[in-house]
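Colleague: okay, structure incoming, though there's no sequence with it:
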């Protein structure tokens, strides 16, 4: 008799059968981009969470922009549940803005197979919620830019027209940009590295191809941004929850595992956490 993850109040009265007192069946869970349950039985899911992430394939710079790619960028994420043979079910989730996620040094809501923590937008199907944890701001030259100087005498472009929504002491300000790296509460590099610095009330921006000391102006910056907008992803001050469409919840509730094996996968390379009552 198979007794994986069985709680103490389970008893086996006959060979090959498992009995429980009340509704206390053990919950089997697994995580990853592909989840497998060997020796599974046909059961309803107890939970299905889908986590996003954003990546860049290379080091971005003004001369070499690198696009940000998020899970589900195509507008939809298809979840497949299969027995590895002829039986399968599909759940289609709407992800019109993709499922972004940024690496963080602490906290977060998902840890990948390498131990890296991520703060991710999440689809929680058991609760019927989309949980937004990542926000973004796009600089396209329409902002109220100016030029300021640091205490060390370094000059930088400054903008206070688009303030991020994050807690003052949050350790999770991390991000990705198709042009520059993003840092938080840091000193501007005098060597002209490309960076965005987010302070509580304004943004600082430095671009190596727009050197203020060499004569670059605010108009030069605005013209550049109009053709090369910079998008920054950052941690929201608090999660924002919205209801999932009723049809997605209905389709999720119809899913079940198979006997003797079940594989859960998706076509967006999104991370998942899957559970069922074994």
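Modeller: Sure thing, it's come through. Here the structure is a predicted model, which is why all the values come from computation and not from measurement.
Colleague: measure how buried residue 151 is and give me the count.
Modeller: Here the count is done by other CB atoms under 10 Å, and residue 151 has 6 residues near it. All C-beta atoms are positioned from the backbone trio N, CA, C, and that covers glycine.
Colleague: which of the three states applies to it?
Modeller: State at residue 151, reduced to three classes by DSSP: H, G, I helix; E, B strand; the rest coil: coil.
Colleague: contacting residues around it?
Modeller: With CB atoms under 8 Å, 6 or more residues apart in numbering as the criterion, no residue contacts residue 151.
Colleague: ok, now residue 146?
Modeller: Residues near residue 146 by CB under 8 Å, 6+ apart: 157-159, 218.
Colleague: out of those residues, which one has the weakest pLDDT?
Modeller: When those are compared on pLDDT, residue 159 comes out lowest, with 88.
Colleague: tell me what that residue is bridged to.
Modeller: Here residue 159 sits in beta bridges with residue 145, residue 203, going by DSSP bridges.
Colleague: that one reaches residue 203, doesn't it?
Modeller: Yes - using CB atoms under 8 Å, residue 159 is in contact with residue 203, at 4.8 Å.
Colleague: common neighbours of the two, please.
Modeller: Common neighbours of residue 159 and residue 203 (criterion: CB under 8 Å, 6+ apart): residue 139.
Colleague: just to revisit the earlier point, most neighbours among the contacts of residue 146, which one?
Modeller: The member of those surrounded by the most neighbours (other CB under 10 Å) is residue 157, with 25 neighbours in all.
Colleague: who's in contact with that residue?
Modeller: Residue 157 neighbours (CB under 8 Å, 6+ apart): 145-147, 204-207, 210, 212, 218, 221.
Colleague: same thing with residue 131?
Modeller: Going by CB under 8 Å, 6+ apart, residue 131 touches 121-124, 239-241.
Colleague: okay, it: pLDDT?
Modeller: 97.
Colleague: and it, bridged to which residues?
Modeller: residue 122, residue 241.
Colleague: between the contacts of residue 131, which is nearest residue 113?
Modeller: residue 122 (17.9 Å; CB to CB).
Colleague: what's the neighbour count on the closest one?
Modeller: Neighbours around residue 122, by other CB under 10 Å: 24.
Colleague: check residue 196 too.
Modeller: 24.
Colleague: need the contact list for it.
Modeller: When contacts are counted by CB under 8 Å, 6+ apart, residue 196 touches 175, 177, 180-183, 203-205, 230, 232.
Colleague: which ChimeraX command selects the buried ones in those residues?
Modeller: To isolate the buried ones among the contacts of residue 196 in ChimeraX, judged by 16 or more other CB atoms under 10 Å, type:
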select :175,177,180,181,182,183,203,204,205,230,232
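Colleague: in strands only, show me the contacts of residue 196.
Modeller: Among the contacts of residue 196, DSSP state E puts 181-183, 203-205, 230, 232 in strands.
Colleague: could I get these as JSON lines with distance to residue 36 and pLDDT?
Modeller: Putting the ones in strands among the contacts of residue 196 into JSON lines (distance: CB to CB, whole Å; pLDDT from 0 to 100) gives the following:
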{"residue": "181", "distance to residue 36": "37", "pLDDT": "73"}
{"residue": "182", "distance to residue 36": "36", "pLDDT": "74"}
{"residue": "183", "distance to residue 36": "39", "pLDDT": "68"}
{"residue": "203", "distance to residue 36": "45", "pLDDT": "83"}
{"residue": "204", "distance to residue 36": "47", "pLDDT": "85"}
{"residue": "205", "distance to residue 36": "46", "pLDDT": "88"}
{"residue": "230", "distance to residue 36": "41", "pLDDT": "86"}
{"residue": "232", "distance to residue 36": "37", "pLDDT": "83"}
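Colleague: now what about the biggest helix by length in the chain, what contacts it?
Modeller: Scanning the chain for the helix with the most residues, using DSSP state H, yields helix 218-227. For helix 218-227, contacts defined as CB under 8 Å, 6+ apart pick out 62, 139-142, 145-147, 157, 205, 207, 209-210.
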